[in-house]
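Visitor: just coords:
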């Protein structure tokens, strides 16, 4: 079912017009909340998963759709340039075109429309991202201030070289979320009952260093 879904949206991507991407600046609904930005994290992870499927199957349609999904999510920079970007995904799609003019035309239309941001967003200001290099078997950790009753979502999107694990613990050290499914785009979602600090651990399980794009609302 998942593969059928991907195939269908891949076809839809190729028929998209120039309205898929909009230009800066981002206009934010003043009532936007953390849950909206958490949905932005989830959509970015969906784009990463779809992009990986596209690479494995050499499917340019899937990569184009991943670019469209990602371009809808505004992000607030917290470090180096992001690993996963709409333009980079469109370049990958063009590389898989195999001479298909329809694919190349779709990529050109979407790039011409701009991939720098969105005019308005249902995702609030968008997730905060930072990029870190994590050495083999190394753990990178940080803390966040979580608000009671609000969804906290954290994702780690790697460059594909190695598997990444993600855990979240509360201030008392209790494990509240773990994603260790053997992929390079783990995501954790939790909703603490009270305000407090949460510790996020991102573990490189592989034997080579990797760059990781970390997203959190």
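Guide: Happy to help now that I have it. From a predicted model like this one, the values you see are computed outputs, not experimental measurements. Numbering: from 1, shown residues only.

Visitor: all contacts plus neighbour counts: C-alpha atoms, from now on.
Guide: Will do.

Visitor: Can you tell me the element the spatially most central residue of the chain falls in?
Guide: Residue closest to the mean C-alpha point of the chain, counted by Cα atoms, centre = their mean, is residue 44 at 2.7 Å. Here residue 44 sits within helix 34-57, counting by DSSP states H and E.

Visitor: just checking, what packs against the next helix or strand after that helix?
Guide: Counting by DSSP H and E, the element after helix 34-57 in chain order, helix or strand, is helix 60-71. Other helices and strands packing on helix 60-71, by 3 or more Cα pairs under 8 Å, 6 or more residues apart in numbering; DSSP states H and E, are helix 2-14, helix 34-57, helix 86-95, helix 101-113.

Visitor: What strands line up against the next helix or strand after helix 60-71, and which way round?
Guide: Counting by DSSP H and E, the element after helix 60-71 in chain order, helix or strand, is strand 76-77. Using DSSP bridges, the strands paired with strand 76-77 are strand 128-134 (parallel).

Visitor: tell me the angle of the helix or strand following the strand it pairs with relative to strand 128-134?
Guide: Per DSSP H and E, the first helix or strand lying C-terminal to strand 128-134 is strand 139-146. Using axes from the mean of the first three to the mean of the last three Cα atoms, to 10 degrees, the inter-axis angle of strand 139-146 relative to strand 128-134 is 160 degrees.

Visitor: Can you list the buried residues in strand 139-146?
Guide: For strand 139-146, a neighbour-count test (16 or more other Cα atoms under 10 Å) marks 139, 146 as buried.

Visitor: And stretch 128-141, by the same measure?
Guide: So, applying 16+ other Cα under 10 Å, buried residues of stretch 128-141: 128-132, 134-135, 139.

Visitor: a markdown table for these, including distance to residue 205 and pLDDT?
Guide: Formatted as a markdown table, the buried residues of stretch 128-141 follow (distance: Cα to Cα, whole Å; pLDDT from 0 to 100):
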| residue | distance to residue 205 | pLDDT |
| --- | --- | --- |
| 128 | 24 | 87 |
| 129 | 21 | 89 |
| 130 | 20 | 90 |
| 131 | 17 | 92 |
| 132 | 15 | 93 |
| 134 | 10 | 95 |
| 135 | 9 | 95 |
| 139 | 9 | 96 |
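
Visitor: Okay then, goodbye and thanks.
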